[in-house]
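J.: What would the 3D arrangement of this be:
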Amino acid sequence: MSSPLFQFTPYTVPFIVGAAVLLTLAGYSIRLGRANGFDKTLLAFTATMASSALWSLARAIQLSTPAIELKQAALGVLYLGYFGAAIGLLCFALAFTGRKHLVTRKTVLLLSIVPLIGTALASTNWYHGLLWTLEPDPVGDILYIDRSFQPLFLVFFLYNSASSIFATMMLVKYSFTSKELYRRQTLAVSLGALFPIVAGILYVLEAYPLLPRQVDLTPIAFAITGLCFGYAIFKFRFLDIVPIARDSVVENMRDGYVVLDTADRIVDLNPAAHTIFQRGDEIIGDHVDTVLPAVESLVAEHEHGSHVQTELTVTTDDDDRFLIATVSTLSKDENRIGRLLTLRDVTDRHAVQKRYQELIENATDIIFVLNPDGTVTFASPSITRLFGVSPESIVGEDAFEYIHDEDTQAAREAFDRALCNPDAQPRVEYRLPDAAGEWRVVDVVVRNLVENSYVEGIVLNARDITERKERERELQRTNDQLEQFASVISHDLRNPLNVASGHLEVVRETGSTDSLDEIEHSLDRMETMIEDVLTLARQGKSIGEPERLSLETVARDAWVHVDTRDAELVVDTDRTVDGDPDRLLHLFENLFRNAIEHGDGDLTVTVSLEDDGFAIADDGPGIPETQRESVFDFGYTTTDSGTGFGLAIVAQIADAHGWDVSVGESESGGARISVTVSDPLAVN
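T.: I've put the predicted structure just below:
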């Protein structure tokens with residue numbers, strides 16, 4: 001009769017239950033890995049649970065069969081799980097405590113060489129007996145086996161035990177060095193790791209109380225380990241976010257974080273906070289106010305459940321650092337257990353902001369931001385330097401009310417174009433008043449940034465081009481003068497030159513000296529023309545800083561410089577005027593010369609004051625009304641001896657001063673030249 005294949009023992013069920021628990025945990029970790037991805041911690045945990053389940057199942061089979069051959073086969077499978085659980089636990093401990101970089105394929109392969117050899121020898125031990133010898137050991141109706149271990153088995157046992165002990169030591173040490181917020185989690189893991197070690201030692205020492213020495217509870221201890229790990233899984237979700245996240249994330253954060261207890265003493269901080277404080281670990285236990293006085297008011301302001309924030313400056317050995325400090329509540333079961341102080345270093349950002357602020361404040365351009373309705377919401381500080389008004393004074397005002405009436409339509413069209421087409425950047429020139437009421441020309445680029453969350457408006461970049469416009473006008477005047485000079489050279493100078501050449505030919509042919517007077521007269525006329533042209537070139541430029549000049553003094557000095565013949569000067573004013581002394585002198589000289597050239601010998605010239613300037617009048621034949629608009633034109637003359645430049649020079653000098661000249665009739669019927677100054681108050 002053949003012996004049965006199964007025998008019931010009271011220890012079969014615990015091993016099967018333990019295997020079920022371990023398989024459940026392994027299955028859960030696999031499902032978690034499929035959902036969130038397998039990392040090294042999860043893979044090591046899965047391998048440990050699966051190997052322990054295999055170990056527990058093999059032990060259940062080995063106990064539940066009386067057949068020696070099956071017991072030997074079960075032992076071979078058992079040691080596969082035995083070695084696998086130890087290596088899996090070691091890899092799990094390495095990954096869990098922040099040493100994932102050590103858990104590589106090469107490392108796992110090297111660690112598995114000895115266990116693989118041991119598994120192979122255990123599976124074939126029935127043949128060579130190098131690890132143990134078996135002897136049937138019946139206890140009542142149950143057939144156990146009694147193994148006598150060989151010295152070689154001790155090598156594999158010590159290797160496996162060393163792996164498990166080393167893994168357990170890492171986990172236990174980590175539980176005591178980890179931060180308080182994670183200690184219960186790591187403590188559960190490290191206690192779970194201790195059970196297999198204790199069970200294995202008791203089995204080797206045959207010290208199990210009330211149990212046969214043939215029963216090894218180590219795989220059941222691994223089931224308890226799995227339950228401890230399971231507690232950490234379901235309570236703390238360490239396979240989702242393991243405690244090492246503090247080291248791998250918080251410790252490497254650029255922001256500083258400081259954990260405060262209920263008395264606002266520092267109990268934890270990361271390296272970034274150390275850098276900010278520039279102190280070592282000795283600050284643990286210090287009150288936060290003594291370490292960082294700048295946050296005293298912020299911490300005092302914070303209330304349970306609230307979230308407060310401020311920007312502060314911290315002086316370090318290197319330089320001032322700008323921080324954004326945030327205080328929030330740390331709570332447990334709705335009870336406050338402390339505060340979390342977060343310190344974000346924004347020094348670089350602050351420096352960039354300060355740089356752009358300085359650029360805007362010191363820029364020659366002005367930046368305006370307008371609402372779509374044209375209301376000013378921002379004006380850069382450079383407006384004060386250029387226009388003499390503060391930015392705050394125009395915020396809220398209608399920007400188009402400041403623009404010159406003649407330029408408003410062009411400015412509005414450019415604004416509306418940018419408003420309707422955000423991609424367009426129209427350019428327009430218009431005039432704006434400065435603090436003195438003077439109109440200044442600006443070149444404006446309009447850009448639509450209404451959708452930009454940092455701007456939310458129409459941006460106007462305005463550049464003051466008043467001086468450029470003045471230079472352009474000056475250049476245009478110069479070009480006009482060049483054309484006039486070319487006309488003089490090509491036409492006016494050619495006539496006296498032709499006359500002189502003709503008389504010179506007569507002198508050569510006849511030897512008569514009668515024509516020399518005509519040649520001399522032509523040369524004198526050419527010299528006069530050249531001098532007048534040079535005068536025009538000089539007088540057309542704008543004047544520099546004006547001086548306070550006496551009209552009487554300048555007029556009498558000019559009268560001396562002119563061939564006045566029998567004419568008489570009457571100065572009927574003792575007032576002063578702001579002007580350039582040399583140019584004002586030339587103005588009077590040309591007016592006097594013009595009056596004398598067009599008048600009869602007995603002539604009276606009068607200088608008098610007007611409400612808005614002064615006038616030079618004579619009692620000569622006067623200027624016909626039909627010619628009065630042309631007398632200031634370049635080259636216009638009514639006499640054969642005139643150059644046509646005298647009154648043109650007067651007009652140029654007046655224009656350089658910003659004055660106006662006009663022709664009228666004197667009381668005696670002669671000519672009256674009126675000079676209207678730009679500022680009537682300048683004549684007093």
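J.: for the helix or strand encompassing Asn590, packing partners?
T.: Element membership for Asn590, per DSSP states H and E: helix 581-598. If contacts are counted by 3 or more CB pairs under 8 Å, 6 or more residues apart in numbering; DSSP states H and E, helix 581-598 sits against helix 516-539, strand 547-550, helix 551-561, strand 604-610, strand 613-618, helix 646-657, strand 671-676. No exception for glycine: its C-beta is placed from N, CA and C like everyone else's.
J.: nearest to Leu32, of those?
T.: Among those, the nearest to Leu32 by CB to CB is helix 646-657 (90.2 Å).
J.: how big is the angle separating that closest one from helix 581-598?
T.: 160 degrees (axes from the mean of the first three to the mean of the last three CA atoms, to 10 degrees).
J.: now helix 646-657: mean pLDDT?
T.: Model confidence over helix 646-657 averages 80 on the pLDDT scale.
J.: As PDB, could you dump the C-alpha coordinates of the helix or strand just after that helix?
T.: With elements assigned by DSSP H and E, the helix or strand that comes after helix 646-657 is strand 660-665. As requested, the backbone C-alpha atoms of strand 660-665 are provided in PDB (Å, rounded to 0.1, in the frame of the first residue of the first chain):
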ATOM      1  CA  ASP A 660       8.100 138.600 -37.500                       C
ATOM      2  CA  VAL A 661       8.600 141.600 -39.800                       C
ATOM      3  CA  SER A 662       6.000 143.400 -41.900                       C
ATOM      4  CA  VAL A 663       5.800 146.400 -44.200                       C
ATOM      5  CA  GLY A 664       3.500 149.300 -43.700                       C
ATOM      6  CA  GLU A 665       3.200 153.100 -44.400                       C
END
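J.: Quick check: which helices or strands does strand 660-665 pack against?
T.: helix 646-657, strand 671-676.
J.: mind listing what's buried in stretch 15-34?
T.: The neighbour-count criterion (16 or more other CB atoms under 10 Å) identifies 15-16, 18-19, 21-23, 25-26, 28-30, 32-33 as the buried residues of stretch 15-34.
J.: Tell me the one of those residues nearest His287?
T.: Once CB to CB is applied, the member of these that ends up nearest His287 is Leu32, at 42.7 Å.
J.: For Gly305, give me the pLDDT.
T.: 66.
J.: One more: Tyr159?
T.: 92.
J.: residues contacting it?
T.: Val114, Pro115, Gly118 (CB atoms under 8 Å, 6 or more residues apart in numbering).
J.: Now it: which helix or strand?
T.: Using DSSP H and E, Tyr159 falls in helix 151-177.
J.: Can you list the buried residues in that helix?
T.: Result for helix 151-177 [16+ other CB under 10 Å]: buried residues 153, 156-157, 159-161, 163-165, 167-168, 170-172, 174-175.
J.: cool, stretch 116-124 as well?
T.: Buried, per 16+ other CB under 10 Å, within stretch 116-124: Gly118, Thr119, Leu121, Ala122, Ser123.
J.: now the residues you listed as CSV including distance to Val314 and secondary structure?
T.: CSV is the format used below for the buried residues of stretch 116-124 (distance: CB to CB, whole Å; DSSP: H, G, I helix; E, B strand; the rest coil):
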residue, distance to Val314, secondary structure
Gly118, 60, helix
Thr119, 61, helix
Leu121, 65, helix
Ala122, 64, helix
Ser123, 67, helix
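J.: Out of those, which is nearest to Asp398?
T.: Of all these, Asp398 sits closest to Thr119, with 89.8 Å by CB to CB.
J.: got a pLDDT number for that closest one?
T.: The model reports Thr119 with a pLDDT of 89.
J.: what does Val446 give?
T.: On pLDDT, Val446 comes in at 91.
J.: Asp216 now?
T.: Listed pLDDT for Asp216 reads 70.
J.: Just to be sure, it is in a helix?
T.: No. In this structure, Asp216 is coil, not part of a helix, as judged by DSSP: H, G, I helix; E, B strand; the rest coil.
J.: any chance of the contacts of Tyr159 in a markdown table, with distance to Glu69 too?
T.: Shown next, in a markdown table, are those (distance: CB to CB, whole Å):
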| residue | distance to Glu69 |
| --- | --- |
| Val114 | 27 |
| Pro115 | 24 |
| Gly118 | 21 |
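J.: Helices along the stretch 101-250 of the chain, start to end?
T.: Using DSSP state H, counting those that start in this stretch, the helices of the stretch 101-250 of the chain run over residues 105-123, 125-128, 151-177, 183-204, 218-231, 244-245.
J.: Which other helices and strands does the fifth one contact?
T.: Read it as helix 218-231. Short answer (3+ CB pairs under 8 Å, 6+ apart): helix 218-231 packs on helix 12-36, helix 40-64, helix 68-96, helix 183-204.
J.: Tell me which of these is the most buried.
T.: Greatest average neighbour count among the helices and strands packed on helix 218-231 goes to helix 40-64 (a mean of 24), per mean count of other CB atoms under 10 Å.
J.: Mind giving me the packing neighbours of that helix?
T.: Going by 3+ CB pairs under 8 Å, 6+ apart, helix 40-64 lies up against helix 12-36, helix 68-96, helix 218-231.
J.: Now do the shortest one and helix 68-96, the angle between them.
T.: Just to be clear, that refers to helix 218-231. Using the same axes, to 10 degrees: helix 218-231 against helix 68-96 is 30 degrees.
J.: quick one: Glu629 from Gly622, how far?
T.: The gap separating Glu629 from Gly622 is 15 Å, by CB to CB, to the nearest Å.
J.: strand partners of the longest strand along the chain, parallel vs antiparallel please.
T.: Of all the elements of type strand in the chain, the one with the most residues (DSSP state E) is strand 320-332. With DSSP bridges as the test, strand 320-332 is paired with strand 308-315 (antiparallel), strand 335-345 (antiparallel).
J.: Pull the contacting residues for the residue lying closest to Ile220 once chain neighbours are set aside.
T.: Closest residue in space to Ile220, ignoring its immediate chain neighbours: Gly18 at 4.5 Å, by CB to CB, 6 or more residues apart in numbering. By CB under 8 Å, 6+ apart, the residues touching Gly18 are Ser52, Ala53, Ser56, Pro219, Ile220, Phe222, Ala223.
J.: Indicate which one of the helices and strands packed on helix 40-64 is closest to Phe378.
T.: helix 12-36 (48.4 Å).
J.: Quick one: work out the angle between that closest one and helix 218-231.
T.: Calculated by the same axes, to 10 degrees, helix 12-36 forms an angle of 40 degrees with helix 218-231.
J.: ok, back up a step: Glu629 and Gly622: who's more crowded?
T.: It is Gly622, of Glu629 and Gly622, that has more neighbours when counted by other CB atoms under 10 Å, with 20 against 10.
J.: Kind regards, and thank you for your time.
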